[in-house]
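**Student:** let me see the structure of the following:
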Amino acid sequence: DLEREPSAEADYASLPSAAGKARSYDLWKRALSDDLYRNQTLELFRSPSLGQLSQVTEPERDFRIRLQQMAREERDRQVEALRKKYAPKFTILQDKIRRAQQAVERETQQAQQAKMQAAVSFGATLLGAFLGRKAVSAATLGRATTAVRGVGRSMKESQDIARAGETVEAMQQQLADLEGQLQAETSALEVSTDPAAEKLEPITLKPKKTNISITLLTLAWAPFWRETGGAKTPAWE
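**Tutor:** Below is the predicted model of the structure:
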């Protein structure tokens, strides 16, 4: 970035005697390296939740904006992992609920058939009695016994329906609990990976001597403006 030629009207100050000796540049190079080692530091920020460091000269605000984008990506990844973790459990429960609902439908149909058979048996028994047959004949007793058994089967089928319905309700509650658990874990992820709410850790880095490398140390002229009264002001300000 330095100019190699001075302005045409520029004057040169006298060269310090030390600047004319090659040995001086080696001494100054070692002095610069020692100053960097002892006095120079690099101040960075660290995000505990993401384990990320700010970049050199990156302001805290810009660092947090970058962290928020990274946090969204990480949160999406973790949420997707949670869904994959819970997916088999949802599939199993939904399959059980479907089979339990099919059992309710089956028990309901069987109960309707049992009620109809019981009604037919009673009807036949009463019809035989109305037609004048002997009320206590073997056939009448047989039909009455069959009718009573039909009522028993009908009651049993009704109980089976109730039990199957309770099974469906219990499984649906398990499904709701599982959905609530997934939602709670998802919400916890949103809180734990929010860079705007976390406290950044300040990190101070100091150079090691083995990491300091001075690639160029050379002579340069610093430009000044010379005012009318002879005073000099830096031309780079």
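**Student:** part of a strand, is residue 197?
**Tutor:** No. Checked against DSSP: H, G, I helix; E, B strand; the rest coil, residue 197 lies outside a strand; its state is coil.
**Student:** read off the pLDDT value for it.
**Tutor:** According to the prediction, residue 197 has pLDDT 75.
**Student:** give me phi/psi at it?
**Tutor:** Phi and psi for residue 197, reported as degrees, to the nearest 10, are phi -100, psi -10.
**Student:** what number of residues lie near it?
**Tutor:** 9 (other C-beta atoms under 10 Å). Heads up, the C-betas are built off the backbone N, CA and C, glycines and all.
**Student:** and what of residue 69?
**Tutor:** Around residue 69 there are 10 residues (other C-beta under 10 Å).
**Student:** any idea how far it lies from residue 62?
**Tutor:** Note on residue 69: its distance to residue 62, by C-beta to C-beta, to the nearest Å, is 11 Å.
**Student:** could you look up the next helix or strand downstream of the helix or strand of the chain with the lowest mean pLDDT?
**Tutor:** When the helices and strands of the chain are scored by mean pLDDT, DSSP states H and E, helix 138-192 comes last with a mean of 63. Next in sequence after helix 138-192, counting helices and strands by DSSP states H and E, comes strand 201-205.
**Student:** what strands line up against that following strand, and which way round?
**Tutor:** Here strand 201-205 is paired, per DSSP bridges, with strand 42-47 (antiparallel).
**Student:** which other residues reach the strand it pairs with?
**Tutor:** 52-54, 56, 60, 63, 67, 195, 198, 200-206 (C-beta atoms under 8 Å, 6 or more residues apart in numbering).
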